[in-house]
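Participant: quick one, what's the 3D model for this:
(one chain, ligands or ions: 1)
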Amino acid sequence: MAELLIIGSERSEAGIPAAMEILRRGGSALEAVERGLILCEDNLADHYVGTGGLPNARGEVELDASIMVGSSRAFGAVGAVKNFPNPISIARAVMEKLPQHALLVGQGAEDFADSVGFKRAELLTPEAKELWLQQLRDVPVQSIEGENTKAMTGDVRYRLAAIELVKKFAPHEGPWGTINIIARDRSGEIVCGVSTSGYPYKHPGRVGDSSIPGAGNYADSRYGAAACTGRGELSLRGGTARTVVENMRHGMSAEDACFEALKDARNLPDDFRAELRCLAITADGHHGGAAGMEGSTYTLMTESSTQPEFRPRKALL
Ligand code: ASP
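Facilitator: Residues are numbered from 1 along each chain as shown. Next up is the predicted model:
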């Protein structure tokens with residue numbers, strides 16, 4: 001029988017203890033990952049996932065999520081979903097109730113969520129709205145003050161400023177980003193789940209790596225599973241989660257596999273570069289993580305843990 005194990009990204013500790021409880025009671029990794037992420041999505045203090053997530057450039061909260069089962073590589077995902085607080089559950093429902101598809105986005109995903117009975121809810125909390133406005137006020141607008149923009153009409157300049165905001169917005173200090181949870185259950189099944197409200201001020205309709213297999217999420221029970229947080233456009237282009245799993249397949253430790261995959265993504269040209277982080281477990285239950293900056297950690301619970309422990313990720317400098 002396999003040793004129970006759960007790892008998660010920063011702030012996953014809001015959900016990991018309950019997820020471990022499910023595994024201890026003999027529940028599946030799938031159930032544990034979904035439950036853990038629901039608790040993170042419902043954590044109003046977390047502004048990068050679920051209810052309370054920061055909105056896009058139009059002020060609407062749009063959520064991405066996915067779930068992948070290692071033994072079958074079954075995958076379900078949603079992207080750019082509005083008005084539903086638990087996209088991880090819709091992603092699971094896509095995987096289980098709509099097996100002819102793997103990914104639904106926007107209105108179609110919302111129609112599907114209605115059809116399977118998920119409840120709609122307001123996702124923009126007053127606190128998230130205030131934070132969004134505050135950050136908007138703080139963004140310098142000098143970049144549109146050049147001579148060549150002076151003659152433009154107000155609405156054209158406004159559009160220019162909005163584009164500048166999307167391009168130049170830098171997230172505030174402190175832990176931020178998507179939540180990843182990877183669990184291994186008693187049978188050795190490995191499941192990886194990812195949930196996010198994505199980049200604040202993103203273009204409406206933008207879907208990041210969290211919904212895409214091989215980019216932000218990948219699980220293959222033969223070798224392990226990996227997930228990413230941070231600049232999704234880089235892990236989309238680098239196929240980063242899949243690269244981590246491939247690296248483990250070729251014998252690398254979880255930490256080295258993450259480190260090498262990040263190094264590969266770092267070599268991609270990118271005018272909007274921001275940090276990328278990943279974490280992974282191997283099929284035999286070893287774990288590790290890497291990040292583009294110092295000081296990043298991941299959360300861990302094993303069968304004997306009484307509370308979440310925090311482990312450093314190897315920094316790519
Ligand atoms: N990876 C997420 C995305 O690109 C953002 C994040 O983790 O901060 O949507």
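Participant: low-confidence stretches in the stretch 1-150 of the chain?
Facilitator: The stretch 1-150 of the chain contains residues with pLDDT under 70 at 135-150.
Participant: hey, where'd the strands end up in it?
Facilitator: With strands called from DSSP state E, counting those that start in this stretch, the stretch 1-150 of the chain shows them at 5-8, 63-69, 74-81, 103-105.
Participant: tilt between the third one and strand 63-69?
Facilitator: In other words, strand 74-81. Between strand 74-81 and strand 63-69, the angle comes out at 180 degrees (axes from the mean of the first three to the mean of the last three CA atoms, to 10 degrees).
Participant: quick check: closest non-adjacent residue to the residue of the stretch 201-317 of the chain found nearest the ligand.
Facilitator: Per CB to the nearest ligand atom, G232 is where the stretch 201-317 of the chain lies closest to the ligand, at 2.2 Å. Where you see a C-beta, it was placed from the backbone N, CA and C, and this is true even at glycine. Of all residues not flanking G232 in the chain, G208 sits nearest, at 3.1 Å (CB to CB, 6 or more residues apart in numbering).
Participant: the one you found contacts R237, correct?
Facilitator: No: using CB atoms under 8 Å, G208 is not in contact with R237, being 11.7 Å away.
Participant: higher neighbour count, those two?
Facilitator: G208 (26 against 15; other CB atoms under 10 Å).
Participant: the more buried one: what's it in contact with?
Facilitator: By CB atoms under 8 Å, 6 or more residues apart in numbering, the contact list for G208 reads 64, 79, 178, 196, 198-199, 202, 216, 232-233, 236.
Participant: which stretches of the stretch 201-317 of the chain form strands?
Facilitator: 217-220, 224-230, 276-282, 287-291, 297-302, 309-312, 314-315.
Participant: using CSV, write down the CA coordinates of the third one.
Facilitator: This means strand 276-282. Extracted in CSV, the C-alpha atoms of strand 276-282 (Å, rounded to 0.1, in the frame of the first residue of the first chain):
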residue,chain,number,x,y,z
LEU,A,276,7.4,30.8,-12.6
ARG,A,277,7.3,28.1,-9.9
CYS,A,278,6.6,24.4,-10.0
LEU,A,279,6.3,21.5,-7.7
ALA,A,280,6.2,17.8,-8.2
ILE,A,281,5.9,14.3,-6.7
THR,A,282,7.5,11.2,-8.2
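Participant: gap between R120 and T51?
Facilitator: Computed with CB to CB, to the nearest Å, the distance linking R120 and T51 is 12 Å.
Participant: I meant to write R313 there.
Facilitator: Counting by CB to CB, the gap from R313 to T51 is 27 Å.
Participant: between the strands of the stretch 1-150 of the chain, which one is nearest to T302?
Facilitator: Nearest of the strands of the stretch 1-150 of the chain to T302, taken as CB to CB: strand 5-8 at 5.7 Å.
Participant: just how off-centre is that closest one within its chain?
Facilitator: Relative to its chain's centre, strand 5-8 lies at 15 Å (CA atoms, centre = their mean, to the nearest Å).
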